[in-house]
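Student: Here is a sequence with its predicted model. Questions after.
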Amino acid sequence: MVGIIVWRTILFYVVLLISVRVMGKREIGALDPFDFVVAILLAELAAIPIQNLGHPSWTGVLAIGVLVALQVLSSWLCLVSDKAREIISGQPTVVVRNGQLMEPEMRRHRYNIHDLLAQLRLAGVPDVRDVEMAVLENNGQLSVIPRSQKRAVAPQDLQIPTEYEALPVSVVLNGRINYDALRQHQISYTWLREKLQEQGIEDPSTVFYAHVDPQGNLFVQRRAGVAGEA
């Protein structure tokens, strides 16, 4: 019996991984109500055959396959039809306009003012009067557009020239050299070793994390407990 449970657990683990990949990339926090329901059903359908050995495994696989097909179909309908997207996913709702709370919309969506104020604070706009528009998205997140007078000043506003800012390239992760990153960004292995040696590091396995910034500088953080400073 133990062997059957282990086998079914592995089977449905693989099936769920494949199902999630088929359904497409989506952050957990970005799930709309339909995707959330699908996620719950996937977990439940996988759990039933694992817990109840009287159910054949193929019935769970079939049910998950049907559910994934429905989700893919609904995603396609949302892609090609605005009406279908409105029915399945809903529409974003404006809850603040020109510094004024849209009470009817908030009431219709049962969105209380405490949640609104909390999300405004998280967005860095604690005063509702400073909000040009706030939109409650389908996934429950709040998109906040501050009034133009309250927005942070950008270099463009002051006509200050700026340079392109690329992302740092992670070249050592948990003591292992990231050879894929070296190849993709044309960073020489010899150059990396020389830069590590300049910082007194002979063995890359003593490095917890290292990256190369857009200016070509190497930042190094050693593993905890390793002597020396980066």
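Tutor: Done, it's in.
Student: how about the strands in this protein?
Tutor: For the chain, strands defined by DSSP state E occupy the ranges 93-97, 100-101, 131-136, 142-146, 169-173, 176-177, 207-212, 218-222.
Student: Output these as TSV; include the columns mean pLDDT, mean neighbour count and distance to K83.
Tutor: In short, each C-beta sits where N, CA and C put it, glycine included. Listed next are the strands of the chain as TSV, based on pLDDT from 0 to 100; neighbours: other CB atoms under 10 Å; distance: least, CB to CB, whole Å:
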stretch	mean pLDDT	mean neighbour count	distance to K83
strand 93-97	93	18	18
strand 100-101	90	13	29
strand 131-136	94	20	20
strand 142-146	93	16	23
strand 169-173	94	19	44
strand 176-177	94	14	51
strand 207-212	93	20	47
strand 218-222	93	17	51
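Student: would you turn the ones you listed into JSON lines with distance to F12?
Tutor: JSON lines is the format used below for those (distance: least, CB to CB, whole Å):
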{"stretch": "strand 93-97", "distance to F12": "37"}
{"stretch": "strand 100-101", "distance to F12": "46"}
{"stretch": "strand 131-136", "distance to F12": "35"}
{"stretch": "strand 142-146", "distance to F12": "36"}
{"stretch": "strand 169-173", "distance to F12": "31"}
{"stretch": "strand 176-177", "distance to F12": "31"}
{"stretch": "strand 207-212", "distance to F12": "35"}
{"stretch": "strand 218-222", "distance to F12": "39"}
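Student: Which among those is found nearest to L42?
Tutor: strand 131-136 (26.4 Å; CB to CB).
Student: picking up where we left off before, the strands of the chain: which one's closest to L17?
Tutor: L17 lies closest to strand 169-173 among these, at 22.8 Å (CB to CB).
Student: Can you give the contact residues for the closest one?
Tutor: Residues outside strand 169-173 that contact it (CB atoms under 8 Å, 6 or more residues apart in numbering) are 177-178, 181-182, 185, 187, 192, 204, 207, 209-212, 218, 220.
Student: what residues does the lengthiest helix in the chain touch?
Tutor: When the chain is parsed with DSSP state H, its longest helix is helix 57-80. Contacts with helix 57-80, where a contact means CB under 8 Å, 6+ apart, come from 8, 11-12, 15-16, 19, 22-24, 34-35, 38, 41-42, 45-46, 48-49, 84-85, 88-89.
Student: what's the distance between the residue nearest to M102 when sequence neighbours are not counted and N138?
Tutor: Nearest residue to M102, sequence neighbours excluded (CB to CB, 6 or more residues apart in numbering): V95, at 5.2 Å. Going from V95 to N138 by CB to CB, to the nearest Å gives 13 Å.
Student: Equivalent analysis for G124, please.
Tutor: Separation of G124 from N138 (CB to CB): 23 Å.
Student: next one: E165
Tutor: Counting by CB to CB, the separation of E165 from N138 is 32 Å.
Student: of those two, who's got more company?
Tutor: N138 (18 against 8; other CB atoms under 10 Å).
Student: Test my guess that the more buried one contacts S89.
Tutor: Yes: if you go by CB atoms under 8 Å, N138 and S89 touch, sitting 5.1 Å apart.
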